[in-house]
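# Any chance you could fold what I've pasted below:
(chains A and B)
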Amino acid sequence: GESVGLHLPTLSVQEGDNSIINCAYSNSASDYFIWYKQESGKGPQFIIDIRSNMDKRQGQRVTVLLNKTVKHLSLQIAATQPGDSAVYFCAENMNDYKLSFGAGTTVTVRA
Amino acid sequence: DAGVIQSPRHEVTEMGQEVTLRCKPISGHDYLFWYRQTMMRGLELLIYFNNNVPIDDSGMPEDRFSAKMPNASFSTLKIQPSEPRDSAVYFCASTRRGQGYGYTFGSGTRLTVV
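Numbering: from 1, shown residues only, chains lettered A, B, ... in the order given. Got it, this is the predicted structure:
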């Protein structure tokens, strides 16, 4: 399954499939990008980050891709599990330690 | 570590009353952030502190909102007088310089103003 972030804020994916969550960021001067996961009733939780001098970074079952040319960020989740159901936010560093968050994409995993 | 601790978890108050939200950051963290989350506006940064000093309060909606950080282990966000449009989930987050930009968020305070 694939979303286009702000224009399609929900994503339904079959358990076991790969998920792709997209995000368009606004500031070409941002040097740091982060993905957060927020489960119902909880605060956002850090997933993975990437610096602007990188194109790709991998974590456990997650990969973040950065395309600075079109100011686009994506989060790929491999073998999506029911526990991956949540709202996913991208965030960009504005200055100092100040982050600006995107609107979020709701991911629902179908059994 | 117990993480970022916020209290209360839920607060229901009447319009015009004073509301105080509390936050204990992770020990050793020198940045503290207050965010507000609503369906309409998403996650908005209200104010952040570095070494207990307010650095940027440009997100504070109006004079009814104030925040303090009297020491490294405690911060408050006060709304006086509260209004129904202040109803939201308020999050506190902290991080440490050199640790990166991955904040640790608290569980939030759900505020309802009736």
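
# ok now whichever strand in chain A runs longest, how far from the chain's centre?
Of all the elements of type strand in chain A, the one with the most residues (DSSP state E) is strand A:86-95. Shown here is strand A:86-95, whose average C-alpha point lies 7 Å from the average C-alpha point of the whole chain (Cα atoms, centre = their mean, to the nearest Å).

# Who are the packing partners of that strand?
Under the contact criterion of 3 or more Cβ pairs under 8 Å, 6 or more residues apart in numbering or on different chains; DSSP states H and E, strand A:86-95 touches strand A:32-38, strand A:72-77, strand A:98-101, strand A:105-110. Bear in mind the C-beta positions are built from the backbone N, C-alpha and C, glycine included.

# Residue numbers of chain A in contact with chain B?
Within chain A, the residues that sit near chain B (Cβ under 8 Å from any Cβ of the partner chain) are A:32, A:34, A:41-46, A:49, A:89, A:91, A:93, A:96-104.

# Separate out the buried members of the residues you listed.
Neighbour counting over the residues of chain A next to chain B (16 or more other Cβ atoms under 10 Å in any protein chain shown) leaves A:32, A:34, A:43-44, A:46, A:49, A:89, A:91, A:93, A:97-102, A:104 as the buried ones.

# follow-up on the earlier one: mean pLDDT added to the helices and strands packed on strand A:86-95, as TSV?
What follows is those, written out as TSV (pLDDT from 0 to 100):
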stretch	mean pLDDT
strand A:32-38	95
strand A:72-77	96
strand A:98-101	89
strand A:105-110	95
